[in-house]
Every structure is written in C-alpha cells, then in structure tokens.
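Student: Okay, structure incoming, though there's no sequence with it:
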C-alpha cells in the first residue's frame, strides 16, 4: 500500500542535500524533515543559503549531492501540490500585465498547454485576491502597486495554485507593516487548513511571533524543530556569530517570547 | 480605385506581402523585447548575410527559399554561439553579443566581397540582402514570405499564455513544471525566423529594427500583452508599407533604411504623446 505510506510521509524531507554554485558550495549536508501542517521559518544570516534551500526543494538548482522528497515522492510527481512565491525582485514589475493576469498564472499549470483560463480560473483568482485584500485592484498594472501590494499579488498567485505545500522566498522583504500582518494572517490560515507553509525569513522578532517550526541555516543546518526550542540565545549565537547587533535585538525578542499578535 | 491605377500588379502583391511580414515581425518581436533579448536578435540578423552567401556557394542556387534557409541556419548558429560563450566562458552578455554580431557579420562581408572579386556567375544581387530591396522580389517569393509570417503569428497566438508566463517570471514557470528552456528557445527561434523572413525587405543590417522598434513603441500605449501584440503588429505593418512605398517611388532607394526611419518616426510619436507613459503625460503629472 504505497498510498497509505505516502499519506503518512513527511511533507518535506531533505536527505543529505549539498548544493554548489560552480565550485563554491553554498549548502552542506542538509538533513531536514518538515511535517504538515505548519508555518515553518527558515532563518539565517545573509548568504547563508536560505533561498538556495527553497530552490533545491523546487528543483530550481541542481543538487551536488543528496535528494529531496515531498510527500514521500520526487518533486515531478507532486508538482501540482506545490505552491511557490519567488523573491519580489526577480521579476520586472514594469511588465505589461495587470494584477488579475499575474494571479491567473497560478492556474496555468493545471490548465496545461495552450488552454486559456476560463470562468472557473477567474473565480479562483478573484477569490485569491479577496483573501489578500486586493480585489479592488484587479485591473491595475503591477508596476503601480506598493511593495507590500506586489508581494500580496505574488501570494494571491500562489493561493490560486491551491497547493498543499507552499514555499515562500522572503515574502516580507520591503513590505510595510500592514501588508506584513495581512500576509502572516493568510499564511496562518493556510496552516489551520492543514497545509504546510515554508517561509524564508530574515526578521527574527516576527519569527518568534508567527512560526511554529523553524530551522536555522548557515551553510549547514544549525538547528531545526519547534520554533521555541530552535530560536534560543545559544542557537542564534552559533548561527549569527559575528553579527553582534543582531544578537542583542534577538535576545530581547526571544526573552519576550511567545506570540504577541 | 484610381489611386492604384498605374501601379503594377507585381508591386502591389509585394507591398501587401511586406506589410504582412512587418506585422508579424512586430508581433513576434514583443517577446524578444519583453524577454530582454533584443540584442540577441541583432546578432542573429547580422549573421544571416553569411548564411545567404554560404547557401549560394554550397548549393549554387539563388532562389529565395534556399538563400533564406541558409540565413536561418546562420541565425540559429549565431544564437547557439551566444549561448555557448555565455555558458563556457566568463564573458559578459553584452560583450558576447558584440563578438558574435561583429564576427558573423565580418564572415558575411568577406564571403560576399570574395564572390564579387572572383566574378562568380550569378552572385550579383546578393548584396541586396545587406540593406534590403523589395523591388527584386517576385510574386511567388512575396507570397511565401507572407505565408511563413502568418504561420509564425499563429504559433505566437497559440502559445500566448506560455510565452507571457515564461517572459514575466521564468522561476515561477519552472517551479510549476513548465519547460522554460524549451519555451525560451522556441521564442528565440520564432524571432530568428522573423528576422530571416524580414531580410529581403529590411536587409541584414537593419532587420532587427522590425522586431524591436514596433514592440517598444507599442509598449508606450498599453499595459497588457495582447494589446501590445496588436499594436506592435499594426506599427510594424505601417513601417513596412511606408518603406516599400518610399523605395518604390524613389529609384535606387534601399527599402531597409526607409522602413527603419518610418519605424523610428512612429516610435518618436509614441514616446512623446502616449498617454500615461508618454513624455508629455509624465511631464504634466510631474508638474501637478
């Protein structure tokens, strides 16, 4: 009964994953298991390989070693169940598409070759836009949005994918406080619906508030598990060695602890 | 009707065909511009001259389909060189493009001047591919060019969704399972095809203008890809017709430069007066 076994398999498993860009290794021997449901943060200093870890899971960078399984299967077999929010700076926001066009792209994979989105896809896109609070901007060109709104458009596109597992790459970068709150609430709802949301994140204070699981990465995996157990003074010191100012701020956030929202 | 009297049937058919070619070049060029591959198209267009001459040398034939097939092979080969240089050396994109463009064009010129220096029979007229000369087109050739253009437009319309997705966000496209590289190559091949089809009209040096200027001008007027395709097609068509008309009226005037100048004029108008993105509109917003 492979079906039963796969149903029980963890949503994300990195098995001894190593990634190198050219000759420069960026991730070493990552072993990491993440169970659904959850809101899971991947944290670490700049250049620690956080985004690369996501890209490795999504098959966007070649693995120098190891393998990744999602729901117990290789990526190619479960792609429809995976949603993705890339970093905002990776696209040209002057591109001639409006908000609705971008959100509809979340439905393309299911449509397949050459089929155009119809009424059902539009409904799904509209529902996704409502969820992120942008329904009234559907017709606006994407360059005329604030950074937070652009990020929410990307989130809406991922919602339109209707996935079981979401990967988000720095969704809070350059985002105003209101958008950040809104995005986190949507992600939290996804967790409540039984999905797994994996987020590459840089702000440790909001991490303590929102994530229930976390991994600290600095080319190697420093620690992983329940957020409260991972985001400790000791672990942060090991991950951010040399970033003293960050540490002080962190220490206070961790001591304050728990969820303030 | 009276306006057409006195214009030979041949000229009319050629003009109509070149209009279709200009339109198709504008449509396909949109994705070259949106994907930021405008310069790659320029390298491919300069390489076509070598392809034309080589096709003549190898086959001894000088019918248009043979020559253009050679041009297409050369265009694709130059794009292959671009990809290889980018992949296997640490040369930057702009330098790689400049190298491929100048070297392939140099080869074309050397072959061409070698031909005329040796007085190889039948070689005369190949230099018309340098700057374009529609008056030399036969009706059959013109119709062939128009049919190929229509086919290219059809493919673009069919794959509009996929082309837009890959041009806008290749990482998301790849993550959701689309073969990004394949779609990318298909788009580049379509642009190369239009560069080749536009060759008899605009010539190797200037045919890029047909696939770059109309899309850039069209972008000024709209924020949607489908509208941009329609507008670029219209502007490309207008530029082609303008070029053909001028070169028909003025003896010995090459078609290519005229097409480019008409296109540039359309671009200038778009640049200044377009609503929202136009220079005047932005200026007005700024002052308010």
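Tutor: Received, thanks. Bear in mind the structure is a predicted one, so any value in this text is a computation, not a measurement.

Student: Next, residue A:20: secondary structure please.
Tutor: strand (DSSP: H, G, I helix; E, B strand; the rest coil).

Student: how near is the residue nearest to it when sequence neighbours are not counted to chain B?
Tutor: Nearest residue to residue A:20 in three dimensions, chain neighbours excluded: residue A:64, at 4.6 Å (Cβ to Cβ, 6 or more residues apart in numbering or on different chains). Heads up, the C-betas are built off the backbone N, CA and C, glycines and all. When Cβ to the nearest Cβ, to the nearest Å is the yardstick, residue A:64 and chain B sit 18 Å from each other.

Student: for residue A:64, phi and psi?
Tutor: Comment: the main-chain dihedrals of residue A:64 come out as phi -80, psi -20, following degrees, to the nearest 10.

Student: Contact partners for it?
Tutor: Contacts were defined as Cβ atoms under 8 Å, 6 or more residues apart in numbering or on different chains; by that measure residue A:64 touches A:18, A:19, A:20, A:25.

Student: I'd like to know which elements the longest helix belonging to chain A is packed against.
Tutor: Once chain A is assigned using DSSP state H, the helix that runs over the most residues is helix A:177-192. Packing contacts for helix A:177-192, counted by 3 or more Cβ pairs under 8 Å, 6 or more residues apart in numbering or on different chains; DSSP states H and E, involve strand A:38-43, helix A:147-160, strand A:165-169, strand A:196-200, helix A:204-210.

Student: let's see it at 7 Å
Tutor: Helix A:177-192 makes packing contacts with strand A:38-43, helix A:147-160, strand A:196-200 when contacts are defined by 3 or more Cβ pairs under 7 Å, 6 or more residues apart in numbering or on different chains; DSSP states H and E.

Student: And the average pLDDT for it is what?
Tutor: On average, the pLDDT along helix A:177-192 is 95.

Student: Any idea what the residue nearest to the spatial centre of chain A is bridged to?
Tutor: With distances taken as Cα atoms, centre = their mean, the residue of chain A nearest its centroid is residue A:168 (2.0 Å). As for beta bridges, residue A:168 partners with residue A:85, residue A:199 under DSSP bridges.

Student: pretty sure it is touching residue A:85, no?
Tutor: Yes: Residue A:168 lies in contact with residue A:85 (Cβ atoms under 7 Å); the separation is 4.2 Å.

Student: circling back: filter the contacts of residue A:64 down to the buried ones and express that as a PyMOL selection.
Tutor: Below is the selection syntax for PyMOL that covers the buried ones among the contacts of residue A:64, with 16 or more other Cβ atoms under 10 Å in any protein chain shown defining burial:
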select buried, chain A and resi 19+20
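
Student: between the contacts of residue A:64, which is nearest residue A:215?
Tutor: The shortest gap between residue A:215 and any of those belongs to residue A:19, at 15.2 Å (Cβ to Cβ).

Student: who touches the spatially closest residue to the closest one that is not a sequence neighbour in this structure?
Tutor: The shortest distance from residue A:19 to any non-neighbouring residue, by Cβ to Cβ, 6+ apart, is to residue A:27 (4.3 Å). Shown here is residue A:27, whose contacts under the criterion Cβ atoms under 7 Å, 6 or more residues apart in numbering or on different chains are A:17, A:18, A:19, A:49, A:52, A:53, A:56, A:219.

Student: So residue A:27 lies in a strand, does it not?
Tutor: Yes: going by three-state DSSP, the assignment for residue A:27 places it inside a strand.

Student: Give me the pLDDT value at it.
Tutor: Residue A:27 is assigned a pLDDT of 95 by the prediction.

Student: for residue B:133, same thing?
Tutor: In this model, residue B:133 is scored at 80, pLDDT.

Student: What distance do you get for it to residue B:243?
Tutor: In this structure, residue B:133 lies at 11 Å from residue B:243, with Cβ to Cβ, to the nearest Å as the measure.

Student: Next to chain A, which bits of chain B? Give me the list.
Tutor: Within chain B, the positions lying close to chain A (Cβ under 7 Å from any Cβ of the partner chain) are B:34, B:158-159, B:161, B:165, B:168-169, B:171-172, B:174-177, B:219, B:222-225, B:228.

Student: In ChimeraX, how would I select just the buried ones from the residues you listed?
Tutor: Buried residues within the residues of chain B next to chain A, as defined by 16+ other Cβ under 10 Å, are selected in ChimeraX through the command that follows:
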select /B:34,159,161,165,168,169,171,172,174,175,176,177,219,222,223,225,228
